[in-house]
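K.L.:
Task: produce atomic coordinates for the following.
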Amino acid sequence: MSTINCSSFRSEEFLVQAMDNWGRTVFQLAFAHTASSADAEDVYQEVFIRLLKDTTPFKDDEHLKAWLLRVAINCCHDLSRLGWHRRVTTAEEMEACDYEANTPSLEVMQELAEAMGKLPEDMRVAVHLYYYEGYTSEDIAQMLDTNASTVRTRLERARKQLKTLLGGAGNGSKEYL
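P.N.:
This is a model prediction of the structure:
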C-alpha cells in the first residue's frame with residue numbers, strides 16, 4: 001500500500017487514496033457488523049463523507065485506518081438504531097461478501113459467512129477485527145470503548161458458537177478458527 005500524505009487538507013487525491021487503501025477494510029467491517037451488503041455500502045459511503053468533512057490531523061496511515069474503523073463502527077451503531085434495520089439477510093448477500101481474496105473455497109466461505117451471520121453483532125465485530133483485520137484484543141477494546149477482557153470473552157464465545165454452528169472439529173468438518 002502506498003503511504004497517504006496526511007498533511008494535505010482533505011483533497012480529492014487524499015480521499016481517493018484513503019478509499020483505495022482502506023475502503024475494502026471499511027466495507028468488510030461494516031458487512032461483519034450489519035450482515036447486509038446494502039447496509040455495508042451505506043456505512044462505507046457515510047464513513048468517507050465524514051472523512052471529507054473532518055479536519056482531524058492524522059499522524060500516519062495507521063491513525064487514519066483506526067479513525068476510519070471507529071467511524072465505521074459508530075455508523076453501524078447509528079444504522080442499527082433505525083427501526084427498519086431488523087431484517088433477514090439473504091443467501092445472495094452472504095455470497096456477495098468476499099472476506100479475503102485468497103479464500104480456501106467458496107463453499108467453505110459461504111458456510112462460515114452464514115455461521116458468522118448468526119452470531120450476535122458484538123461477537124461478529126470482534127471476530128472480524130481480530131481475525132480479518134489482525135487487531136489485538138486491546139486495540140479492539142479501545143475501538144469499541146470496552147475492556148480487553150470483554151473482547152476476549154466475546155471472541156471465546158464466538159469461537160464456541162461457530163464451532164457448534166459449523167458442526168465441530170471432531171465431526172469430520174474443517175476447523176475454521
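K.L.:
rest of the way, CA atoms for contacts and neighbours
P.N.:
OK.
K.L.:
Could you grab the helix/strand/coil label for Thr55?
P.N.:
coil (DSSP: H, G, I helix; E, B strand; the rest coil).
K.L.:
can you check the one 3 residues further on too?
P.N.:
Look at Phe58: counting by three-state DSSP, its state is coil.
K.L.:
ok, it touching Leu64?
P.N.:
Yes. The pair Phe58 and Leu64 passes the contact test of Cα atoms under 8 Å, sitting 5.8 Å apart.
K.L.:
Neighbour count: those two, which is higher?
P.N.:
Leu64 (19 against 16; other Cα atoms under 10 Å).
K.L.:
pLDDT of whichever strand or helix holds Ile49, averaged?
P.N.:
Here Ile49, judged by DSSP states H and E, is contained in helix 37-53. Averaged across helix 37-53, the pLDDT comes to 90.
K.L.:
next one: the very next helix or strand once past that helix to chain centre, how far?
P.N.:
Counting by DSSP H and E, the next helix or strand C-terminal to helix 37-53 is helix 61-80. Here helix 61-80 is found 9 Å from its chain centre; the criterion is Cα atoms, centre = their mean, to the nearest Å.
K.L.:
Of all the residues in helix 61-80, which ones are buried?
P.N.:
For helix 61-80, the neighbour count (16 or more other Cα atoms under 10 Å) marks 61, 64-76, 79-80 as buried.
K.L.:
where exactly do the helices run in the protein?
P.N.:
12-34, 37-53, 61-80, 91-96, 106-117, 121-127, 137-144, 148-165 (DSSP state H).
K.L.:
packing partners for the longest one?
P.N.:
Yep, that's helix 12-34 we're talking about. Under the contact definition 3 or more Cα pairs under 8 Å, 6 or more residues apart in numbering; DSSP states H and E, helix 12-34 sits against helix 37-53, helix 61-80, helix 121-127.
K.L.:
quick one: buried residues of the shortest one?
P.N.:
When burial is assessed from 16+ other Cα under 10 Å, helix 121-127 yields the following buried residues: 121, 123-127.
K.L.:
Could you save those as CSV and add columns showing distance to Ala40?
P.N.:
Below are the buried residues of helix 121-127 laid out as CSV (distance: Cα to Cα, whole Å):
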residue, distance to Ala40
Glu121, 14
Met123, 17
Arg124, 14
Val125, 13
Ala126, 16
Val127, 17
